[in-house]
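Colleague: Provided below for reference: sequence and predicted model.
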Amino acid sequence: LFGLVLTLGIAAAADAFTFLGNQQRRTVPSLIHQDSPIATKQKVANVRFRLSASPTAQDSDGSPLLLSEDSKLALLSTNRVGGGGYYHRIQHSSESTQTDMVLGLFLPSKYSSNSPETPVLFWLSGLTCDDTNFSQKAGPVAFREAEEQGIALVLPDTSPRGETVADVDSYDLGKGAGFYVDATEPPYSEHYKMRSYVTKELPDLLLREFRGLATTVASDSHKTLLKSISGHSMGGHGALSIAFEEHDQSSWTSVSAFAPIVNPTLCPWGEKAFTAYLGSVDAGKPYDATHLLQSKSTEISNYDDVLIDQGTDDEFLIEQLQPQNLMKAAKTANQKITLNMRDGYDHSYYFIAAFIKDHIRFHAKRLQSRKEKEQQQALLVGTDFATTAGKPITCKAMVARGPKQPLTEETITVQPPKQGEVRVKVIANALCHTDIYTLDGFDPEGLFPCILGHEAGCVVESVGQGVTSVQPGDHVIPCYTPQCGETDCIFCMSPKTNLCPKIRGTQGQGVMPDGTSRFVDSNGESIYHFMGCSTMSEYTVLAEISCAKISKEMALEKACLFGCGVSTGFGAVLNTCNVQHGSSVAVFGLGAVGLAVIQMAKYVGASQIIAVDINPSKFDIAKQLGATHFVNSLDFAPAVEGAKTVQQHIAGELTDWGCDFTFDCTGSTEVMRCALEAAHRGWGESCVIGVAAAGHEISTRPFQLVTGRVWKGTAFGGFKSRRDVPKLVQANIDGQLPIDHFITHRFDGVGGTNDAIDALHAGCCLRAVVRYGPPQ
């Protein structure tokens, strides 16, 4: 069922998502820092040329401050575009072309000069184009998608321009047709240096001037932009040949193209350009994507795929473009290329606009993955697990000394793992309401002092005797619901449950399976474990059967979400209730768990999804994830005297007899009853997910059950942890199961946990992730 749902259901809802996060919105972003050396000859009216270090600073009349009055840089225009980002045209003096150059730059609303988090996609345009063609003809679609994906778009011109620049009366040579080469032949050799401009000068310029753009490290160890490249026709030629150059492969994360000139040394356009710019057709081979692939003796490991779209009705397909030549060369070079032949499409921007979203998503996925991997690697810099294995480790941890007391950041000692145990370095920890529930004294098993935390991404540091399923360096997610997998465990062997009791007794007592703790404070006193995880510590010790080994392809600061709430919501739909296509669903409580229920209900094809909460501000994201109806329970009894109850409204007005499936995600016993009574007469199922406070009991009239309703509960969504969590992670890697939208807050360092708690209490937080390492 799980595989079937992921294959058939998940892709159908992909378009429903909008990236949600801590987006810093402002009237116009502050773009260029005060010491910018970029030069220009013109300034545009109605734009104030003053720069402030503050990205939200304003002039006395309230207009945004962009550039200093004495700056030589010109912001030619700034326009807010669909989706919320901004498109800027910028002019500067180029060292490569020895002319003034103009480029377009789209920055998403999340861009901040204080945080280098925004990756870049370069777009190279085709013959006769300048920097504006793409923005005007494909921009309405491209900018909205780039905003959603959180990436910047850079649109350079196709050639140098100006009165001194050589030109001919021909659309396919001279101005507007620079062919992305460095010309060696006069009269073009003075200014036509478009290859150097695109690959060297422009990335360096953006790196210097726009400090909110993400960076990476190239193969020669120099810092460069985190960037990908795409283009159309002549620009597709430029993108492919740039990406396939050996010295540039580590500089470009991914590459795609629309209707590219793939073999220019064998087509009229290329022959004409190479002869004029370089002196001969043969001199153009280093700029020929097909030739570059043919000359490769080893696989181009940098690119897992190359995406190309080509229209079948393109008038230049046979004579100029020749995609079959590139595909043949790619097979020889073991380079995967996905070539989509689009029936009926021509060479125009209508074609680009039709499929540009696919290309932006293609690049965004790879840019984000590379960024996350490098951030993750940075957290492990200087870590040598071989030097700590078998020895106590001193580290920082947030210790809960008592109920309703703030966590205290302390230095503790974490003892080596014993038999069947694993010691891990915690890379990131997501705060769950269960942690707060225990900290506030509502957990009947809550013991103090303890180290809370159970939703984390970790790297194995060392293993105890007898451990075989993981080894140092493996990535794991701690699972509070273990899976021993032993043949004599009737729970692990049964497909009906995931509740392995192997270590349940000691886990509930706050100790490891041998009855002792691995944590010691600075006074030599033991500290209790929590849920078998205790991940609010830089290091912790887990039972081997609580470690779900996952792919290293997914960043641990995202993977940690699969350790509890999100998985629980997904599994309640998939496993516990087995929600069917066309079902009606009601979800009570729109925290991370409730939204995960909505997301998965949408995936499996529920036709009606009712979202219930007392905070209507949560309805927007619920709608994006698939909710179709919205109920503010404060508009009904008992909050409003004389009004109907929520369950009466659902089972009587929104539906005739109630919903096929209802889910309580609040932990309130009153809401649990409401959810049951909103379930369909005769067959409705109501699932309890939220954990109630100690001593609370649920109640309803027996008649509700006699008339066919089923009341059930779920722990970790019924997933068998070590078997299923790796599958969830892989589904995310494959693009089938997005979870980024759950992370609304990020903090750095163990001490940031208290800030995460404050964010959770503020009511606007779904998941706050605390990264245990230096700020990124």
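Modeller: Everything's here; your move.
Colleague: just the helices in the stretch 301-450 of the chain please.
Modeller: Using DSSP state H, counting those that start in this stretch, the helices of the stretch 301-450 of the chain run over 323-333, 349-379, 433-439.
Colleague: would TSV of these with distance to residue 131, mean pLDDT and mean neighbour count be doable?
Modeller: Quick note: C-beta positions are derived from backbone N, CA and C, even for glycine. Formatted as TSV, the helices of the stretch 301-450 of the chain follow (distance: least, C-beta to C-beta, whole Å; pLDDT from 0 to 100; neighbours: other C-beta atoms under 10 Å):
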stretch	distance to residue 131	mean pLDDT	mean neighbour count
helix 323-333	27	94	18
helix 349-379	14	90	19
helix 433-439	49	91	21
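Colleague: would you list the ones you listed in a markdown table and tack on distance to residue 557?
Modeller: As requested, these are exported to a markdown table (distance: least, C-beta to C-beta, whole Å):
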| stretch | distance to residue 557 |
| --- | --- |
| helix 323-333 | 35 |
| helix 349-379 | 7 |
| helix 433-439 | 17 |
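Colleague: Quick one: closest of those to residue 112.
Modeller: In terms of C-beta to C-beta, the element of the helices of the stretch 301-450 of the chain nearest to residue 112 is helix 349-379, at 15.2 Å.
Colleague: measure the closest residue to residue 691 other than its chain neighbours to residue 481 for me?
Modeller: Closest residue to residue 691 apart from its sequence neighbours, by C-beta to C-beta, 6 or more residues apart in numbering: residue 667 at 5.1 Å. Look at residue 667 and residue 481: by C-beta to C-beta, to the nearest Å, they are 18 Å apart.
Colleague: Compare the two (neighbour count), which wins?
Modeller: residue 481 (24 against 21; other C-beta atoms under 10 Å).
Colleague: Can you pull the phi/psi pair for the nearest residue to that one once chain neighbours are set aside?
Modeller: Distance criterion C-beta to C-beta, 6+ apart; nearest residue to residue 481, sequence neighbours excluded, is residue 716 at 4.3 Å. Main-chain dihedrals, residue 716, degrees, to the nearest 10: phi 50, psi 30.
Colleague: can you check residue 133 too?
Modeller: Main-chain torsions, residue 133, degrees, to the nearest 10: phi -60, psi -50.
Colleague: what's near enough to touch the residue lying closest to it once chain neighbours are set aside?
Modeller: Spatial nearest neighbour of residue 133, excluding adjacent residues (C-beta to C-beta, 6+ apart): residue 125 at 5.5 Å. Contacts of residue 125 were listed using C-beta atoms under 8 Å, 6 or more residues apart in numbering, and they are 131, 133-134, 155, 158, 231-232, 234-235.
Colleague: what about residue 125, distance to residue 569?
Modeller: Remark: distance between residue 125 and residue 569 (C-beta to C-beta) = 44 Å.
Colleague: do the same with residue 544
Modeller: 27 Å.
Colleague: Looking at the contacts of residue 125, spot the one nearest residue 390.
Modeller: Of all the contacts of residue 125, residue 390 sits closest to residue 231, with 54.7 Å by C-beta to C-beta.
Colleague: Count the neighbours of the closest one for me.
Modeller: 29.
Colleague: what do you get for the one 10 residues further on?
Modeller: Using other C-beta under 10 Å, residue 241 has 27 neighbouring residues.
Colleague: Could you do the one 10 residues further on as well?
Modeller: Applying other C-beta under 10 Å, we find 24 other residues in the vicinity of residue 251.
Colleague: is it true that it touches residue 224?
Modeller: Yes - the pair residue 251 and residue 224 passes the contact test of C-beta atoms under 8 Å, sitting 5.6 Å apart.
Colleague: Please determine how far the nearest residue to residue 180 once chain neighbours are set aside is located from residue 224.
Modeller: Leaving aside its chain neighbours, residue 180 sits nearest to residue 238 (3.2 Å; criterion: C-beta to C-beta, 6+ apart). Residue 238 sits 18 Å away from residue 224, going by C-beta to C-beta.
Colleague: okay, these two: which has more neighbours?
Modeller: A count of neighbours by other C-beta under 10 Å puts residue 238 above the other of residue 238 and residue 224, at 33 against 18.
Colleague: After the helix or strand harbouring the more buried one, which helix or strand is next? Please name it.
Modeller: Using DSSP states H and E, residue 238 falls within helix 234-244. Remark: after helix 234-244, the chain's next helix or strand is strand 252-258, criterion DSSP H and E.
Colleague: and the angle for the next helix or strand after that next one with helix 234-244?
Modeller: Sequence order places helix 268-278 as the next helix or strand after strand 252-258, per DSSP H and E. Helix 268-278 and helix 234-244 are oriented at 70 degrees to each other (axes from the mean of the first three to the mean of the last three C-alpha atoms, to 10 degrees).
Colleague: Report the distance from the next helix or strand after helix 268-278 to the chain centre.
Modeller: Using DSSP H and E, the helix or strand that follows helix 268-278 towards the C-terminus is helix 289-294. Remark: helix 289-294 is offset 33 Å from the chain centroid, using C-alpha atoms, centre = their mean, to the nearest Å.
Colleague: Show me what helix 289-294 packs onto, helices and strands only.
Modeller: In terms of contacts (3 or more C-beta pairs under 8 Å, 6 or more residues apart in numbering; DSSP states H and E), helix 289-294 is packed against helix 234-244, helix 323-333.
Colleague: Of all the ones you listed, which one comes closest to residue 694?
Modeller: Nearest of these to residue 694, taken as C-beta to C-beta: helix 234-244 at 59.4 Å.
Colleague: so what secondary structure elements neighbour that closest one?
Modeller: Applying 3+ C-beta pairs under 8 Å, 6+ apart, one finds that helix 234-244 contacts strand 120-124, helix 194-196, strand 227-231, strand 252-258, helix 289-294, strand 306-311.
Colleague: Please convert these to a markdown table, extending it with mean pLDDT.
Modeller: Converted to a markdown table, the helices and strands packed on helix 234-244 look like this (pLDDT from 0 to 100):
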| stretch | mean pLDDT |
| --- | --- |
| strand 120-124 | 98 |
| helix 194-196 | 97 |
| strand 227-231 | 97 |
| strand 252-258 | 96 |
| helix 289-294 | 94 |
| strand 306-311 | 98 |
